[in-house]
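Student: need a structure here:
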Amino acid sequence: MSENEKKDYVEATETEAKDRPNDQKQGIQEPRVKGYNPLQIGFVVFVVLILILVAFGIGTDWFGILN
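Tutor: Below you'll find the model as predicted:
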C-alpha cells in the first residue's frame, strides 16, 4: 500500500466510524452481569453453615478433642 492509499483508508474508516449509530458499538464493552444463580447461592450458604457448625463443635468440645 502506498502512503496515499493508507491516508484514503484511514479517512474512510474515520468517517464510517463517525456515521455509525451509537447502538452499533464496537470494541471493549462492559460485560452483562447476571449475578449468581440460586444453586451457587445455596451451595455457599450450605458451606458457611457447615463451617459454623464445625467451629462451634470444636469450641464446645463436641468431638472430645480437648480431653
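Student: which is the succeeding secondary structure element to the least confident helix or strand in the chain by mean pLDDT?
Tutor: Least confident helix or strand, the chain: helix 3-19 with a mean of 78, by mean pLDDT, DSSP states H and E. Next in sequence after helix 3-19, counting helices and strands by DSSP states H and E, comes helix 38-59.
Student: what's the burial count for residue 56?
Tutor: 10 (other Cβ atoms under 10 Å). The way it works is simple: take the backbone N, C-alpha and C, and place the C-beta from them, glycine included.
Student: give me the most central residue, this protein.
Tutor: The centroid of the chain falls nearest to residue 33 when counting by Cα atoms, centre = their mean (6.5 Å).
Student: follow-up on the earlier one: helices or strands up against the least confident helix or strand of the chain?
Tutor: If you count contacts as 3 or more Cβ pairs under 8 Å, 6 or more residues apart in numbering; DSSP states H and E, helix 3-19 packs onto no helix or strand.
Student: and that helix, how far out from the chain's middle?
Tutor: 35 Å (Cα atoms, centre = their mean, to the nearest Å).
Student: now do the contacts for residue 59.
Tutor: With Cβ atoms under 8 Å, 6 or more residues apart in numbering as the criterion, no residue contacts residue 59.
Student: quick check, pLDDT for it.
Tutor: Model confidence at residue 59, expressed as pLDDT, equals 89.
Student: just the CA atoms of stretch 42-51, as CSV, please.
Tutor: Backbone C-alpha positions of stretch 42-51 (Å, rounded to 0.1, in the frame of the first residue of the first chain) are rendered in CSV as follows:
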residue,chain,number,x,y,z
GLY,A,42,-27.4,-22.4,48.1
PHE,A,43,-24.0,-24.1,48.0
VAL,A,44,-22.3,-21.1,49.6
VAL,A,45,-24.9,-20.9,52.4
PHE,A,46,-24.5,-24.7,53.0
VAL,A,47,-20.7,-24.4,53.2
VAL,A,48,-20.9,-21.5,55.6
LEU,A,49,-23.3,-23.3,57.8
ILE,A,50,-21.1,-26.4,57.9
LEU,A,51,-18.1,-24.3,58.8
